[in-house]
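>>> This is a predicted model, with the sequence first.
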Amino acid sequence: MKKVIISDATLRDGSHAISHQLTKAQITKYAQAADKAGLPIVEVGHGNGLGASSLQVGLSLLDDREMLETARASLTRSKLGIHIIPGFATINNDLKFAFDYGVDVVRVASHCTEADITERHISYTREQGREAYGVLMMSHMASREVLLDEGLKMQSYGAEALIIMDSAGAYLPTDVQDRISHLVANLNIPVGFHAHNNLGMGIANSITAVEAGAQIIDGASRGFGAGAGNAQLEVLVAVFEKLGFSTGIDLYKMLDAADIVEKEIMQSTPCVTSVSLVSGLSGVFSGFAKHVSLAAKEYGVDPRDIFFELGRRKVVGGQEDKIVEVALELREKTEARTK
Amino acid sequence: MSKIKVAILGSGNIGTDLLYKVLRSEYLECSLFIGRNLSSKGMSRAVSLGVPVSDQGIQAIQNRPDCCDIVFDCTSAMSHKIHAAILNDLNITAIDLTPAKLGPFCIPAINLDACKSDKNINMITCGGQASIPLAHVIGQTQKEVDYIEVVSTIASKSAGPATRLNLDEYIETTEKGVKMFSGCKRSKAILNLNPAEPCIDMQTTVYAQVRKPDMEALKKGVDEMVAKIQKYVPSYLLVVPPTYENNRIIMTVRVKGLGDFLPSYAGNLDIINCAAIAVAEEYAKSLLEKRG
Amino acid sequence: MRSHLTDLIRRDCEEICPSAVTLLQEIKNQKLYITGGTGFVGTWIAELVTCLNDKHGFNTGLVLVARDTDSFRERAPHIASRKDIQLVSADVRRTLEIPDDVSYLLHLAASPDNRQHVSNPIVTMETITGGTGNVLDSASKLASLKKILVASSGQVYGKQGNAKISENMPGTLNSNSITSVYPEAKRYAETLCCAYWSSCKLPVVIARPFSFIGPYQGLDKPWAINNFIRDALMDNPVRIIGNGMPVRSYMYPSDMALWFLRILTSGTAGLAYNVGSPSGISLKDVAEKVMQYFGAAADVIIKNMNDDFSAFVPDDTFCRESLNLSVTVPIDTALRRSLEWYRSLE
């Protein structure tokens, strides 16, 4: 039977949905359940990864050390994974200590056209004997040729897998098929896919990715993630088994873990709201959702207008400061019109 | 009026752009443009501009120590460590645009007077030249500044292979500069690369968490600081004035380059060159006064 | 460097000296000029030549050229401080001043680190193509030059079948890919050698190095065997992404140094020679041997996430038959010696 490795982003990407306010008790409870269910990789941390707690993208309740220590103590079988974006986190400030806390898999991420900023972080991870994945975020903003070029760079740096993220939830299945099959045909390392659900395509796109040759799929329990959320992990497990792919995950225990997320971590169940739909259509990072609704309230403008304007300006993840600037400009325009 | 002689060490993009700025200066003249390869783009530009050139590296200055009073070093941190010792022995002032961090940090709008007596002056980082002045104003106008964060977004095209390989050093040096000039307890620097076409201008946002924000004082201080910077970086523009929202202070500036040799979207590189020229001119003025 | 480490290298060189004395008579009393002279290959050539000078009165002079000679002085003072060694700081992309009394030239400058190739592809190509052009141009003006060797790469063959790769196989590279930056630049450099040979009658030979393992190899390099050794030293499991079946071969650097020098002195101008071991071994077997010799308790994890059955092993027939060269250090000995070296480094 063909295998799919499911990487659990619940305790990392899910952080966006609760403004990075995960508690130790929540991490412990979920990580234990995920470990029992047999998830191969459990990511933990700030939504934007290690060293990203900031006024720009949101401050974490717990610092990175506390999160890693807590998760590590709860994982026996699952590998402990982290997300890290060079430009936010440095080797000296952040990555060095992460290894002291027993991180197994480091997913080094960049905007989809900027893979060469990951060279040192990937090399350093490999030098420590840990697993390094390369991650290309906001991948809908690049063609399959560009994604391959950037993926080949990450492969040369020593990445042991390449994960393609649909960070804006902007893909349709044909987009996924086009990109993933091209990468699978031309890379020596396995390819993975990370779906967001803004257009309701989270599961469909994940299936398409696997059919196109992807071997690693990211998901979050109950779809826990900003806005419309991620590919719902327990659904992925069920659907892949039904399609004849083995995940090695115990479905019943996975459902228990998902219930924990719903009852004890989530503030609201992700669904495709009007604003998150617009976010996907405009091709803007889903993680902006909370920030956009805050700014919309603060400056009295329509959050949908903010998203479309951000999309027009081709902002990338990490440019959350643009939200305030755009909101201010939109307010000025409205005021000028009413005068 | 007589001018002070400067040499530019390093004929890459930064060095060549500096050359254009020196040629425009009332106080400076480029007596030697030094690289390693006479056929490089920068060298041929210099030749066509009628500037004396050499391909001998630092040796060119050792051969003719009286050729200049100031050297702009636009090579690499590793090379600057060697150059610094030689220039010091020759009693020539070095304005260091590499990340070598040997001399004191200089932001012209803050500590120009203090720096002009130093023999080795470090220009910190490009993002630091944009953000640290604002951080300094926060430190001056607010009580108990707990935390300052500076976020720069630059056009992908303006970040070459060396910048990309050295993102960590950029971040750590900028964080150090923010702390030093603002007195805040903690600092963080973030850098984003944006590949959008047409290229975006450099944009820098400064956030702060302070005990009791005094926005009136801050706005006044920031306006004054922006005016000061605009004297040497004409396109330094405040696009989001100091605002207090969601328990944080936020303000944003945008920097367009002058487009001398570097394209205008490379405001991040332009600003460090503008700052280096400002330091050199100030030093030149004091030398000219001394010499009568 | 600690004397134990230099002793290990000297032992390797002395072991190969009997055949080196026979095969390398031509370099006696000659001056060799080596670009990239402080790199992995250059350092080993210096080790072998200085051994021949000390033990067999070769009286061979070496000029080692590199951009950064200071770090070499720190790294290998036992070579740098010798009278028969001259260190010169220069960049091959610029014009080189080569002394007139140089009779042999080796052009080795170019980093083989594929991370640099993709992160800084333009400079990589400029250094290889422009650097080779500069060196060939300077060489063609030397009065008493007997031969110049230009280091190319086994990667110029591109993807091949599972047969051993012989020198007359044409390459199959996709020129339009970021990963072709290095091999395509090397192919251009080879053709440039051919042009100088044809047009200026420059006596140039080409060496195509494959894979090596042994002292002076950096374990930070992103290559399979280097990673295996690094992980084994840290008692970490060794991970293989694919099925472990790809076949590679590894030459020990004392053999490599002898091969380079022999190709330089006795290779036929205008021809290319493979430098590498003809004994193929699967990645899985390499990993297991590394773990075994290093006494590591951790596992070899075969992830089976691709179907790579490729082979990259040179055919040594041409070197063996025309130059009397052979591999004297088998893979097992190479790994044991590597272990001894890296353990002593710690």
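Yes, it's here.
>>> For chain C, what's its nearest residue on the stretch 151-292 of chain B.
For the stretch 151-292 of chain B, the residue closest to chain C is residue B:161, as judged by CB to the nearest CB, at 4.3 Å. To be clear about C-beta, it is placed using only N, CA and C from the backbone, and glycine gets the same treatment.
>>> Confirm for me that residue A:131 is in contact with residue C:239.
Yes. Assessed by CB atoms under 8 Å, residue A:131 is found in contact with residue C:239 at 6.8 Å.
>>> Need the overlap of contacts for those two.
Counting by CB atoms under 8 Å, 6 or more residues apart in numbering or on different chains, the shared contacts of residue A:131 and residue C:239 are residue A:160.
>>> rewinding a little: burial count for the residue of the stretch 151-292 of chain B closest to chain C?
Number of residues near residue B:161 (other CB atoms under 10 Å in any protein chain shown) recorded here: 16.
>>> so it touches residue C:123, yeah?
Yes. Between residue B:161 and residue C:123 there is a contact under CB under 8 Å: 7.1 Å.
>>> and the residue nearest to the residue of the stretch 151-292 of chain B closest to chain C when sequence neighbours are not counted, how far is that from residue C:181?
Excluding its sequence neighbours, the residue lying closest to residue B:161 (CB to CB, 6 or more residues apart in numbering or on different chains) is residue C:120, at 4.3 Å. From residue C:120 across to residue C:181, the span is 9 Å (CB to CB, to the nearest Å).
>>> Tell me which residue of the stretch 201-346 of chain C lies closest to chain B.
Of all residues in the stretch 201-346 of chain C, residue C:220 sits closest to chain B, at 14.4 Å by CB to the nearest CB.
>>> that's a helix at that residue, yeah?
No. According to DSSP: H, G, I helix; E, B strand; the rest coil, residue C:220 belongs to no helix; its state is coil.
>>> follow-up on the earlier one: show me the contacts for the residue of the stretch 151-292 of chain B closest to chain C.
The contact partners of residue B:161, by CB under 8 Å, 6+ apart, come to A:116, C:119, C:120, C:123.
>>> which of these sit farthest apart?
Based on CB to CB, the longest span within the contacts of residue B:161 runs between A:116 and C:123 and measures 12.7 Å.
>>> These two: which has the busier surroundings?
Higher neighbour count among residue A:116 and residue C:123: residue A:116, with 24 against 16, using other CB under 10 Å.
>>> OK, contacts around the residue of the stretch 201-346 of chain C closest to chain B?
Here residue C:220 is in contact with A:123, A:127, C:226, C:230 (criterion: CB under 8 Å, 6+ apart).
>>> Any quick PyMOL command for the buried ones out of those residues?
To isolate the buried subset of the contacts of residue C:220 in PyMOL, counting by 16 or more other CB atoms under 10 Å in any protein chain shown, use the following:
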select buried, (chain A and resi 123+127) or (chain C and resi 226+230)
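>>> Apart from its chain neighbours, what residue comes closest to the closest residue to chain C within chain A?
Proximity of chain A to chain C (CB to the nearest CB) peaks at residue A:129, 3.5 Å away. Nearest residue to residue A:129 in three dimensions, chain neighbours excluded: residue C:236, at 3.5 Å (CB to CB, 6+ apart).
>>> again, but for residue A:265
In this structure, residue A:265 finds its nearest non-sequential neighbour in residue A:26, 4.9 Å apart by CB to CB, 6+ apart.
>>> Burial check on the one you found, number of neighbours?
The number of residues near residue A:26, taken as other CB under 10 Å, comes to 20.
>>> swap in residue A:242?
Neighbour number of residue A:242 under other CB under 10 Å is 8.
>>> Spell out, range by range, the helices that occur in the chain.
I'll assume chain A. Ranges of helices within chain A are A:10-13, A:24-37, A:64-74, A:96-100, A:119-127, A:144-157, A:173-186, A:202-211, A:233-243, A:251-260, A:274-282, A:289-299, A:303-312, A:321-338, based on DSSP state H.
>>> my bad, chain C
Going by DSSP H, chain C shows helices at C:3-23, C:40-56, C:69-75, C:77-80, C:114-119, C:121-139, C:181-200, C:224-233, C:253-266, C:283-293, C:317-323, C:331-345.
>>> Comparing the ones you listed, which comes out most buried?
helix C:253-266 (a mean of 24; mean count of other CB atoms under 10 Å in any protein chain shown).
>>> residues from the stretch 1-150 of chain B in reach of chain C?
B:36, B:37, B:55, B:78 (CB under 8 Å from any CB of the partner chain).
>>> which of those sit farthest apart?
Checking those with CB to CB, the most distant pair is B:55 and B:78, at 19.2 Å.
>>> Looking at these two, which one has more neighbours?
The residue with more neighbours, out of residue B:55 and residue B:78, is residue B:55; 17 against 12, by other CB under 10 Å.
>>> Could you check how many residues crowd around the nearest residue to that one once chain neighbours are set aside?
Among residues not flanking residue B:55 along the chain, residue B:38 sits closest, at 4.8 Å (CB to CB, 6+ apart). Per other CB under 10 Å, the neighbour tally for residue B:38 reads 15.
>>> Look at residue B:38 and give its secondary structure.
Quick answer, by three-state DSSP: residue B:38 is coil.
>>> Distance check, it against chain A.
For residue B:38, the distance to chain A equals 30 Å [CB to the nearest CB, to the nearest Å].
>>> Check whether that residue really touches residue B:53, as I assumed.
Yes. Counting by CB under 8 Å, residue B:38 touches residue B:53, with 7.0 Å between them.
>>> residue in the stretch 51-200 of chain C nearest to chain B?
residue C:120 (4.3 Å).
>>> What pLDDT is listed against that residue?
At residue C:120, the model reports a pLDDT of 94.
>>> What about it, how many residues nearby?
If we define neighbours as other CB under 10 Å, then residue C:120 has 21 of them.
>>> The contacts of residue C:220 into CSV, with extra columns for distance to chain B?
As requested, the contacts of residue C:220 are exported to CSV (distance: CB to the nearest CB, whole Å):
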residue, distance to chain B
A:123, 11
A:127, 15
C:226, 20
C:230, 21
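>>> in chain C, what secondary structure element scores lowest on mean pLDDT?
helix C:69-75 (a mean of 90; mean pLDDT, DSSP states H and E).
>>> Which other helices and strands does that helix contact?
Helix C:69-75 sits against helix C:77-80, strand C:85-89, with contacts defined as 3 or more CB pairs under 8 Å, 6 or more residues apart in numbering or on different chains; DSSP states H and E.
>>> got a list of contacts for the last one?
Yep, that's strand C:85-89 we're talking about. Contacts for strand C:85-89 (CB under 8 Å, 6+ apart): C:37-38, C:46, C:50, C:61-69, C:72-73, C:79-80.
>>> Can you pull the residues of the stretch 1-150 of chain C lying near chain A?
With CB under 8 Å from any CB as the criterion, the stretch 1-150 of chain C meets chain A at residues C:114, C:115, C:117, C:118, C:119.
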